[in-house]
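# The sequence and its predicted three-dimensional model are supplied below.
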Amino acid sequence: MLMLSVHADIARRHGVYHTPCYKNEVSKITSRVRHEGISFLTKTLPNIGKRLDKALANNEPFDTTGLSLDPSGTPKLFGWLLKEVLVNINGQLLPVDPSAFGFSAERVSDCVCALRQLYYLLYKLELPHDTETTQRVLDGFVEVDASLPAFAGKEQDELPMVITARRLIRRILAGFDHHDITPGHGPGAVSTGEDIHEKSNFSVIYSSIERVYPFTEYFMLGAGHVCDQYDRLQALPVLEAGTAKVVLVPKDSRGPRLISCEPLNYQWIQQGLGRKLMSYLESHPYTRGHVNFVDQTINQRLALQASADRNWVTLDMKEASDRVSLHLVRTLFDGLPILEALEATRTPETKLPDGRLVRMNKFAPMGSALCFPIESFVFYALCVGVLQAYGCYPCRDARSRVFVYGDDLVVRREDYAMIMQHLPAVGLLFNSGKCCTEGFFRESCGVDAYLGFNVTPVKIRTVWSLKCKRTPDELSSYIAYANVFDDRSYYATSEFIRDVVTRRYGKIPTLPKGAHGLVFTQRYGDDLKKEGFKTRFCKKYHRLEVYGYISRPVKRFKRFDARRELFRRLLKPEEEPIIGMRALPKRSVLRRGWFPVN
């Protein structure tokens, strides 16, 4: 079992591998998995991990409710690690302050990392969810949207922070031209059902889009194309607005995530407008380096730094995209030309998997290409507005104290209470369980940090199933897991995964780190010839190559319209060079082939 391999690696590292304590834990884990099933690893342990994170992040007592405790009050399961991280003070388990107790910060953080690896190993496993869980997620989506104001009172619109945020947005977007965009399609599905080959065939005109982005200017190649297709254009149906479609995708053990599939025409314009807006904000003097859409490392570095000096805190928005209401966007962007474009490219309603049609009060759900840039910008502007209006900071200082990447916020420690107090006035809530404010634990943009060290666990997502055919996703995922465990010195775990992969797929080459292809990595690679792998020297590229597995995209050739193909090539010259050929999104196959050794 993968969990037992990870447990064994950690026990060896901490010198308890041959102790009765370790053997008792192995029996306990095995017994609970046998009686409770996989939910012990995907739900029970992650729930304990969240309690630990909350204690470390907010410097509060560790919640031991429902846990079996030893005489000292410490949970029995992984207690030998918890005693390095928590200290019993007046009957409460509180996080250790290394400077106060003479502990080594490196050792404490190593124990935190080990605990979190055990708690969260299978938290993200992409298992199917039951009907009840799915229905709860759908009902939650509807309830949150219904709670948003379609029209808020004048009192909310004239809050000092809203007025200040609106003034900042106007100043930043004063030079933004929403007409100067390059439309395009994302890799995702569309609600109107067109596949990758049909995405350039627009078969309907939406009046809402037409008012800002005329069909003949943004959906056709030029005047010649319009003339050639004039009869067809005249026959196209005209609708006022489109309807999005919500689909369920795996998220974690709590339930699936809802993603919106936008209509074809909407996706086309949203992608162009969204890319233009993100590029503009990332380069504007007021937002450069503080509102980020591509580079997560800024938030990650701040999280690592803050876990040591605690000068910054990390905040996580609750149901972030679902709580940015259309009314809030209208209020903040009032008087700007871009508002007309945002409303024109927003689908007003969506269809749920259970058939319900929801008229949305939110600006846009996840899946819309405008959701991410607008929510990030709104959060930034409101946070700056709060600091200016209620903290009396000058605009320059307020802007420098906020960093935003989507719903991950990093703000100064002395400011967070003010921000958390005032943002709910406009319907925005915080996930208190993931806000890291008082202790030494910080979490932002995929990096978990404690005492200045990275304590992010490896989370297994891909389900291993011997009943299914061999797939490139399964192989590439578990090769990556084996490599990252090896890199983190979880050698037994890495070997366990390698053995399982080898039994199913045959021998996989082991090469030094940095090699291409589906290969295991080690500091020193194997002698490929002695291990029985085919090798050759490629004269064309002057390199040594090995024969092994390669993941290749699935491609399809379709008949095409020459003008629309030219239109697509002009907008995305980096795509498949063969005319009429398309690579199907998220589709790949395993093949044997030659690839470079380094």
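Everything's here; your move.

# domain ranges for this structure?
Using automatic domain parsing, the domain parsing of the chain gives 2-123, 131-430, 500-596.

# Out of the ones you listed, which is closest to residue 478?
domain 500-596 (5.3 Å; Cβ to Cβ). For glycine as for every other residue, the C-beta is placed from the backbone atoms N, C-alpha and C.

# Low-confidence stretches in this structure?
Counting by pLDDT under 70, the chain has low-confidence residues at 100-102, 150-154, 466-468, 523, 525-526, 559-563, 568-580.

# which residue lies farthest from the center of it?
residue 231 (44.8 Å; Cα atoms, centre = their mean).

# The helix or strand containing that residue - contacts with which helices or strands?
Per DSSP states H and E: residue 231 is located in helix 230-235. Using 3 or more Cβ pairs under 8 Å, 6 or more residues apart in numbering; DSSP states H and E as the contact test, no helix or strand touches helix 230-235.

# List the buried residues of that helix.
Neighbour counts using 16 or more other Cβ atoms under 10 Å place residue 233 of helix 230-235 among the buried residues.

# what residues does that helix touch?
The contact list for helix 230-235, computed with Cβ atoms under 8 Å, 6 or more residues apart in numbering, reads 215, 216, 226.

# does the first one really touch residue 202, like I thought?
What that stands for is residue 215. Yes. Using Cβ atoms under 8 Å, residue 215 is in contact with residue 202, at 7.5 Å.

# For residue 202, see how far away residue 349 is.
Distance check for residue 349 against residue 202: by Cβ to Cβ, to the nearest Å, it reads 20 Å.

# can you pull the contacts of the residue lying closest to residue 452 once chain neighbours are set aside?
Leaving aside its sequence neighbours, residue 452 sits nearest to residue 308 (Cβ to Cβ, 6 or more residues apart in numbering; 3.3 Å). Taking Cβ under 8 Å, 6+ apart, we find residue 308 in contact with 440, 451, 452.

# In terms of helices and strands, where is residue 308?
With DSSP H and E as criterion, residue 308 is part of helix 297-309.

# quick check, distance from that helix to the centre of its chain.
Centre-to-centre, helix 297-309 and its host chain are 18 Å apart (Cα atoms, centre = their mean, to the nearest Å).

# ok, and for it, which residues are buried?
Applying a neighbour-count criterion of 16+ other Cβ under 10 Å, the buried positions in helix 297-309 are 298, 299, 300, 301, 302, 303, 304, 305, 306, 307, 308.

# quick one: the helices in the stretch 351-500 of the chain?
371-389, 395-400, 416-422, 472-487, 491-505 (DSSP state H, counting those that start in this stretch).

# Direction included, what does the helix or strand following the last one pair against?
Remark: after helix 491-505, the chain's next helix or strand is strand 510-512, criterion DSSP H and E. Strands flanking strand 510-512 in the sheet, each with its direction: strand 520-522 (parallel) (DSSP bridges).

# What residues sit buried inside the helix or strand where residue 163 lies?
Using DSSP H and E, residue 163 maps to helix 160-172. Within helix 160-172, the residues that count as buried by 16+ other Cβ under 10 Å are 161, 162, 163, 164, 165, 166, 168, 169, 172.

# Would you check how far apart the fourth one and residue 432 are?
Note on residue 164: its distance to residue 432, by Cβ to Cβ, is 26 Å.

# What is the neighbour count of the spatially closest residue to residue 315 that is not a sequence neighbour?
In this structure, residue 315 finds its nearest non-sequential neighbour in residue 409, 4.1 Å apart by Cβ to Cβ, 6+ apart. Residue 409: 27 surrounding residues under other Cβ atoms under 10 Å.

# surely residue 369 meets residue 260?
No. Using Cβ under 8 Å, residue 369 is not in contact with residue 260; the gap is 10.2 Å.

# Name all residues that make contact with residue 61.
Residue 61 touches 55, 92, 93, 94, counting by Cβ under 8 Å, 6+ apart.

# so who does residue 330 touch?
Contacts of residue 330 by Cβ under 8 Å, 6+ apart are 339, 343.

# coming back round to it: does anything pack onto the helix or strand following the helix holding residue 308? Which helices or strands?
Scanning forward in sequence from helix 297-309 by DSSP H and E, the next helix or strand is strand 312-318. Helices and strands touching strand 312-318, by 3+ Cβ pairs under 8 Å, 6+ apart, are helix 297-309, strand 408-412, helix 416-422, strand 429-430, strand 441-444.

# Now do the end-to-end distance for stretch 93-107.
This stretch, stretch 93-107, spans 18 Å end to end (Cα to Cα, to the nearest Å).

# What are the buried residues along it?
93, 94, 95, 96, 98, 103, 105.

# Switch those over to CSV, and while doing so, append distance to residue 483 and secondary structure to every line.
Below are these laid out as CSV (distance: Cβ to Cβ, whole Å; DSSP: H, G, I helix; E, B strand; the rest coil):
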residue, distance to residue 483, secondary structure
93, 36, strand
94, 37, strand
95, 32, strand
96, 32, coil
98, 32, helix
103, 32, coil
105, 28, helix
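
# could the domains of the chain be laid out in CSV, adding distance to residue 493?
Below are the domains of the chain laid out as CSV (distance: least, Cβ to Cβ, whole Å):
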stretch, distance to residue 493
domain 2-123, 4
domain 131-430, 20
domain 500-596, 11
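
# Out of the ones you listed, which is closest to residue 464?
domain 500-596 (7.2 Å).

# Check the offset of the closest one from the chain's centre.
Using Cα atoms, centre = their mean, the offset of domain 500-596 from its chain centre is 26 Å.

# how long is it from one end to the other?
Criterion Cα to Cα; first-to-last residue distance in domain 500-596 is 25 Å.

# what's the closest of the contacts of residue 308 to residue 286?
Closest to residue 286, out of all of the contacts of residue 308 and judged by Cβ to Cβ, is residue 452, at 30.6 Å.

# Same drill for residue 369 and residue 260, tell me which one is more crowded.
Between residue 369 and residue 260, counted using other Cβ under 10 Å, the more crowded position is residue 369 (26 against 21).
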